[in-house]
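Sequence first, then the predicted structure, then my questions.
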Amino acid sequence: RMLLPHDGSPVTAAGFFPAVRLAQQAEASVFVLHVATLTGEPMPGSLPVPPYVDQPHLEWPEWTLEFLERMDVFTETAAALQPRLFLSKGKPGEEILRFARERSIDLIAVSWHGTLEPQRAGTLKEIIDSAPCPVLFAKAPEEEPAETKHRGTIDLRNAGPFLHS
C-alpha cells in the first residue's frame with residue numbers, strides 16, 4: 001500500500017514519477033490523499049477542491065476524475081494501478097500521518113520542492129519524523145515547464161528518489 005499525498009499542483013504530480021514506477025513494479029495499491037487547506041495561494045495550474053467539500057455528492061465525481069487526469073503520472077502504462085483518491089481537510093502533515101496509520105500504509109511517497117532550510121518543508125519534516133512506515137521523497141521541478149503548461153504533464157524521469165525509513 002503506497003500513499004501519495006497531493007496538493008493538487010502539476011509540479012507535485014511530477015515528483016511522483018519514481019513512486020508510480022515503484023508501485024507498478026511492486027503491484028502496490030495506490031492511495032492518493034488530497035488535504036484541503038485554506039492557507040496559502042495555490043500554484044498556477046493547481047486544481048482547488050470544490051467549494052462544497054462538506055457536501056461531496058455535489059461536485060465530487062467530476063472533481064475526482066479531473067484530479068486524477070491532471071496527475072499525469074497515471075498514464076496508460078500506469079493505468080493498471082487504479083489509484084484511489086481520498087480527500088481530507090486540516091493540517092497536511094497530521095492528516096497524512098493519520099491516514100497512513102489508519103490504513104496500514106507500507107510506503108509514503110512525497111513530492112518535495114528540494115529544500116530543507118528552516119521555515120521550509122515543514123510537512124515533509126513532520127512526515128519523516130513521525131511516519132509509521134518508510135518515506136520515499138523525490139524532488140519536484142521548480143515550476144511546470146512551459147511546454148507542458150495546462151496539460152498537467154512534467155517529465156521527471158531523471159530525478160532521483162530518496163528513501164528514509
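Structure's in. What do you need?

Please determine how far Arg103 is located from Phe86.
Going from Arg103 to Phe86 by C-beta to C-beta, to the nearest Å gives 9 Å. Just so you know, the C-beta spots here come from the backbone N, C-alpha and C atoms, and that holds for glycine as well.

just the helices in the chain please.
Along the chain, the stretches classed as helices by DSSP state H are 10-14, 17-26, 60-70, 92-102, 122-130.

average pLDDT across the third one?
Yep, that's helix 60-70 we're talking about. Across helix 60-70, pLDDT averages out at 69.

now do the fourth one
On average, the pLDDT along helix 92-102 is 95.

And for the second one?
The pLDDT scores in helix 17-26 average 87.

list residues touching both of Arg103 and Phe86?
Residues within reach of Arg103 and of Phe86 at once, by C-beta atoms under 8 Å, 6 or more residues apart in numbering, are Phe31.

Pick the most deeply packed of the helices of the chain.
helix 10-14 (a mean of 25; mean count of other C-beta atoms under 10 Å).
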